[in-house]
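Asks: got a predicted structure here, sequence first:
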Amino acid sequence: MTLYQVYLEGNKSGCLAHILSLPGCTAFGRNEKIALRNLEMAARKHHHWLKRHKSKQRIHQRLKFQVVQRLEGTTPWISSSAAALFLTDLIPPTKSEIREYIKLLRWSRSDLLKLVSPLPDRILDYEIPKRWSIRRNLNHIANAEWWYLSRIAEWPEIMAIPEKVPKAKVISRMERIRAAAYRILPSLSDSQYHQIYIPAKYCNKSLKEPWTVRKVLRRFVEHEREHYFNIQDLLKEIKKVTQLGLAIR
């Protein structure tokens, strides 16, 4: 049996559960009970993902959860809302941990590109009512990662990346921002890894959202995995609606 410590955040509109020892493993529910129920399936999917990438992490069939922290008021599933700073986010990441986060990010990005690169424009831009198109999801990932890096500093290399690009260049912009992250995040100073940041630019100042490098790394992985699953779901919906017979991964 594996016992996972679980961290919760949310408000009356919902609850997001995190297993921080499995970076990228989260589950949403309209309340805590549903979020925890969904987390079991999310953990199993995450285990399968790690196994597929030949992770050395030990995986057990039986799972048990222990809620160790609940934070009220943050709703990161809503775009432009604040995300929690959990107690473990205050711990400066070691070089080994940073390498592990980067490895997860490379796996996650590889999977995302394999999913979307073969898609024609008509599918990338197909709009289902009340849902973002796949291309808009990709653009949002790029914007979010630019923003995560800016929580630490205004890096010249990301400031030089255009905010808006033609549709055909959305993925290349996404890749430029990620390449900058791969260079920046492992090479910060010791004081930067220890610092708590409360940025006042490119955000709602009234939120006074605190950040650390560990939180930035965590949100990088969580956010891309969330949108990978969103895009998978979109492709299934598009297949139903259009009956184009796409091969859905």
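Replies: Cool, the structure landed.
Asks: from now on I want contacts and neighbour counts done on CA atoms only, so please keep to that.
Replies: OK.
Asks: do a quick rundown of the strands in this structure.
Replies: Under the criterion DSSP state E, the chain carries strands at the ranges 2-11, 14-19, 25-29, 63-72.
Asks: reformat the ones you listed as a markdown table; add distance to Lys95 and mean neighbour count.
Replies: What follows is the strands of the chain, written out as a markdown table (distance: least, CA to CA, whole Å; neighbours: other CA atoms under 10 Å):
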| stretch | distance to Lys95 | mean neighbour count |
| --- | --- | --- |
| strand 2-11 | 23 | 18 |
| strand 14-19 | 21 | 24 |
| strand 25-29 | 21 | 23 |
| strand 63-72 | 26 | 13 |
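Asks: Throw those into CSV and include mean pLDDT and distance to Pro166, thanks.
Replies: Rendered in CSV, the data for these read as follows (pLDDT from 0 to 100; distance: least, CA to CA, whole Å):
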stretch, mean pLDDT, distance to Pro166
strand 2-11, 97, 36
strand 14-19, 98, 34
strand 25-29, 98, 32
strand 63-72, 97, 39
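Asks: would you turn these into JSON lines with distance to Tyr126?
Replies: Supplementary listing: the strands of the chain in JSON lines, determined by distance: least, CA to CA, whole Å:
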{"stretch": "strand 2-11", "distance to Tyr126": "31"}
{"stretch": "strand 14-19", "distance to Tyr126": "28"}
{"stretch": "strand 25-29", "distance to Tyr126": "25"}
{"stretch": "strand 63-72", "distance to Tyr126": "36"}
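Asks: ok, which of those comes nearest Asn38?
Replies: Taking CA to CA as the criterion, Asn38 comes closest to strand 25-29 out of those, the separation being 5.7 Å.
Asks: tell me what angle that closest one forms with strand 14-19.
Replies: With axes from the mean of the first three to the mean of the last three CA atoms, to 10 degrees as the criterion, the two stretches strand 25-29 and strand 14-19 enclose an angle of 160 degrees.
Asks: which neighbouring elements make contact with strand 25-29?
Replies: With contacts defined as 3 or more CA pairs under 8 Å, 6 or more residues apart in numbering; DSSP states H and E, the packing partners of strand 25-29 are strand 14-19, helix 32-52.
Asks: buried deepest among those, which one?
Replies: Between those, the one whose residues have the most neighbours on average, counting mean count of other CA atoms under 10 Å, is strand 14-19 (a mean of 24).
Asks: picking that back up, and of the strands of the chain, who's closest to Lys103?
Replies: strand 25-29 (15.0 Å).
Asks: what about dumping the CA coordinates of the closest one to CSV?
Replies: Provided in CSV are the C-alpha atoms of strand 25-29 (Å, rounded to 0.1, in the frame of the first residue of the first chain):
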residue,chain,number,x,y,z
CYS,A,25,-1.1,14.7,-10.3
THR,A,26,-4.2,16.6,-9.4
ALA,A,27,-7.9,16.1,-9.4
PHE,A,28,-10.9,18.5,-9.3
GLY,A,29,-14.3,18.1,-7.8
